[in-house]
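Student: after the sequence you'll find the predicted model.
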Amino acid sequence: MLQRMIGTVVNQVGPSTNNDDSQHKQSDADMEVDIVPQGPGISEVGAVHEPDSETKDVKKSEVDGAIALDSKPKHPFDEDKKLPAGDSKPDIPSINLAERIARFEPDYKGKERRAAGKEKQPDDKQDRRFHAPYQKQDDRGAKLSKDKRKLTQELGHAQSENRALLRKNEELERELRGAFDALSREQCLREEDLRLLEARAQELRDAQTFLTKADAYSFAEIKGMVEGLNSEVLQIAAMMVDEFSGSGKSMEAGHLMEVGQRLKGILGDWMVERMQDRKDPDIHIEVVQKGIQAVLTYTVQHFISCWSLDDRISDIFVGTYNEIMSTNNPAVAGRWRAMTRAKSKYGVGNDFDETFGWRITECLRDILRVAGWSSETTQSKLTERFGERFCALVTLAKKLDMAIGESITSQDLFVFAPSHQEAFSVVCMAPAEEGSGTIACTCELGLGVSHMMEQAGEWKERRVECLVKAGIVFVSSFEVPVK
């Protein structure tokens, strides 16, 4: 049995060895290189790595030793093992021997490769394919490549998203600039509205003061001013009669006619003719005194009622004021009247006192001329003896004018003096002397107040109330003997 196993192994190993030797010999023959000696003592080199006889003997002795070692029983009971009857013995060596031979041959071939140089063997591809480090390196590269592609894709998406966000940002910036422009325009409009609101608020405050301003004088005080003014007129007339009566000379017919025409516009024809009639001295004196009172009364009434020293401008203001009164609240009309008269009548450049004083002097001198009491010293006497009285009269008239024209705004007060052409009215007239019939002249100022009544949103109806009746003289009063 042992002999048969050894024979089988030798048959398997022997040819392989011979084949290897033949292959090595062929390779050694191919690997022979002719080397030219480069120096003294260097001989020609033969085949590279030619195994010598000793090496071969060692290899053979190792194989024989391995076979001899494997032929010994491993266990004590191996010798007693027997094969079943009728079976033939196997022709293959044991597993342990085959493993030893398998390990020996690669080891021997590896040594040959190291000895003979780089020579590819049949197992190299399998070794590289299943070598763990190379497999791990390939997996890592694939993973890195996959990660790179993934990161590149994510970067592309991020860049696309970034560009979209940039476009969106530009659109939002344009919208923001448009919003800022609209806001700036709106702020400009709001600033205009704010300035307009402030202006309207200031106007409202002014109007509040304008409408709620209290009157500076009461009606009783105004009545007292009117009565004081009438008393001053009466005293001036009496003093002038005492001073100039019975003196003077008659004027020439031409000059007398001219002066008479001026007085007829104020007193009327009857009064002028009676002042020229000297048949009854007592009646003449009475007529001249009433004539002086009438001239002063009409002159004062004219200067208080006018809005300007220029009659044409005054008429324009009067028409405007009447229109305002018919369309606005009385307080508004009163404030407009107060501000207008303060500038148009007593403003800079308007010498009211001097003009009024000069007009009084001229009217009184005309009375004295018509009555025949004028002389060369008449002008000087008027200035010297009656200058202060005239100034006092002007002061009283101016005070009354400012009181009813500027200080009283809630009501519309006015002074009046009925003309000789009007009919007598008990409502607003009072006889200064006994009599009846036709009015000769007015010797005392009257005071009235005008109320505007609202109808359908408009101030149309005007109601007049008399506060102080005007004193008048009848024509018949001069025919009654003075007692």
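Tutor: Perfect, thanks for sending it.

Student: C-alpha from now on. contacts and neighbour counts both.
Tutor: Will do.

Student: low-confidence ranges in the stretch 151-300 of the chain?
Tutor: When the per-residue scores of the stretch 151-300 of the chain are filtered using pLDDT under 70, the ranges that remain are 207-213, 247-255.

Student: now do the helices in it.
Tutor: Secondary structure of the stretch 151-300 of the chain (DSSP state H, counting those that start in this stretch): helices located at 219-244, 253-267, 269-276, 281-305.

Student: Leu172 is nearest to which of those?
Tutor: Put simply, out of the helices of the stretch 151-300 of the chain the one that sits nearest Leu172 is helix 281-305, at 73.1 Å, with distance taken as C-alpha to C-alpha.

Student: about what we covered before: Gly387 is nearest to which of the helices of the stretch 151-300 of the chain?
Tutor: Taking C-alpha to C-alpha, helix 219-244 is the member of these nearest to Gly387, at 10.7 Å.

Student: in the closest one, what counts as buried?
Tutor: Residues of helix 219-244 classed as buried under the neighbour-count rule (16 or more other C-alpha atoms under 10 Å) are 219, 222-223, 225-230, 232-234, 236-238, 240-241, 244.

Student: show me the domain layout of this protein.
Tutor: Here the chain is described, according to the TED database, as comprising the domains 155-206, 219-409.

Student: most tightly surrounded among the ones you listed?
Tutor: Scoring the domains of the chain by mean neighbour count under mean count of other C-alpha atoms under 10 Å gives domain 219-409 as the most buried, with a mean of 17.

Student: next, the distance between the ends of it.
Tutor: From its first residue to its last, domain 219-409 covers 12 Å (C-alpha to C-alpha, to the nearest Å).

Student: could you do stretch 409-419 as well?
Tutor: 28 Å.

Student: now that stretch: mean pLDDT?
Tutor: Along stretch 409-419, the predicted confidence averages to a pLDDT of 89.

Student: next helix or strand past the helix or strand where Thr355 lies?
Tutor: Assigned by DSSP states H and E, Thr355 belongs to helix 352-371. Elements were assigned by DSSP H and E; along the chain past helix 352-371, the next helix or strand is helix 378-402.

Student: in a markdown table: the domains of the chain, plus distance to Met452.
Tutor: Putting the domains of the chain into a markdown table (distance: least, C-alpha to C-alpha, whole Å) gives the following:
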| stretch | distance to Met452 |
| --- | --- |
| domain 155-206 | 23 |
| domain 219-409 | 7 |
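
Student: Met429 against Leu467, yeah?
Tutor: No: applying C-alpha atoms under 8 Å as the test, Met429 and Leu467 come out as separate, 10.8 Å apart.

Student: now Gln187: how far from Asp181?
Tutor: Distance, Gln187 to Asp181, by C-alpha to C-alpha: 10 Å.

Student: between the helix or strand harbouring Leu447 and helix 219-244, how many degrees?
Tutor: Assigned by DSSP H and E, Leu447 falls within strand 446-455. Between the axis of strand 446-455 and that of helix 219-244 there is an angle of 150 degrees, by axes from the mean of the first three to the mean of the last three C-alpha atoms, to 10 degrees.

Student: so which elements touch strand 446-455?
Tutor: Helices and strands in packing contact with strand 446-455 are listed as helix 219-244, strand 412-416, strand 458-468, strand 470-474; criterion 3 or more C-alpha pairs under 8 Å, 6 or more residues apart in numbering; DSSP states H and E.

Student: quick one: average confidence on the helix or strand just after the second one?
Tutor: Tracing the chain past strand 412-416, the next element assigned as helix or strand by DSSP H and E is strand 429-431. Mean pLDDT, taken over the full extent of strand 429-431, equals 92.

Student: what residues does strand 429-431 touch?
Tutor: With C-alpha atoms under 8 Å, 6 or more residues apart in numbering as the test, strand 429-431 has contacts from Gly446, Lys469, Ala470, Gly471, Ile472, Val473, Phe474.

Student: against Val259, how distant is the second one?
Tutor: Right, Lys469. Lys469 sits at a distance of 30 Å from Val259 (criterion: C-alpha to C-alpha).

Student: returning to that earlier point: including distance to Lys264, could the helices and strands packed on strand 446-455 go into CSV?
Tutor: Written out in CSV, the entries for the helices and strands packed on strand 446-455 read as follows (distance: least, C-alpha to C-alpha, whole Å):
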stretch, distance to Lys264
helix 219-244, 19
strand 412-416, 19
strand 458-468, 26
strand 470-474, 16
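
Student: of these, which is nearest Leu197?
Tutor: If you check each of the helices and strands packed on strand 446-455 against Leu197 by C-alpha to C-alpha, strand 458-468 wins as the nearest, at 27.9 Å.

Student: same question for the closest one, mean pLDDT?
Tutor: Averaged across strand 458-468, the pLDDT comes to 77.

Student: before we move on, what about stretch 328-339?
Tutor: Looking at stretch 328-339 alone, the average pLDDT works out to 83.

Student: residue numbering should commence at 685 henceforth.
Tutor: Sure, I'll start numbering at 685, so the last one becomes stretch 1012-1023.

Student: and it, C-alpha only, in PDB?
Tutor: Listed next in PDB are the C-alpha coordinates belonging to stretch 1012-1023 (Å, rounded to 0.1, in the frame of the first residue of the first chain):
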ATOM      1  CA  ASN A1012     -72.300 136.700   5.200                       C
ATOM      2  CA  ASN A1013     -72.700 136.600   9.000                       C
ATOM      3  CA  PRO A1014     -73.000 140.100  10.500                       C
ATOM      4  CA  ALA A1015     -69.900 139.400  12.600                       C
ATOM      5  CA  VAL A1016     -67.900 138.700   9.500                       C
ATOM      6  CA  ALA A1017     -69.200 141.800   7.800                       C
ATOM      7  CA  GLY A1018     -68.400 143.800  10.900                       C
ATOM      8  CA  ARG A1019     -64.800 142.600  11.100                       C
ATOM      9  CA  TRP A1020     -64.300 143.400   7.400                       C
ATOM     10  CA  ARG A1021     -65.800 146.800   7.900                       C
ATOM     11  CA  ALA A1022     -63.500 147.500  10.900                       C
ATOM     12  CA  MET A1023     -60.300 146.500   9.100                       C
END
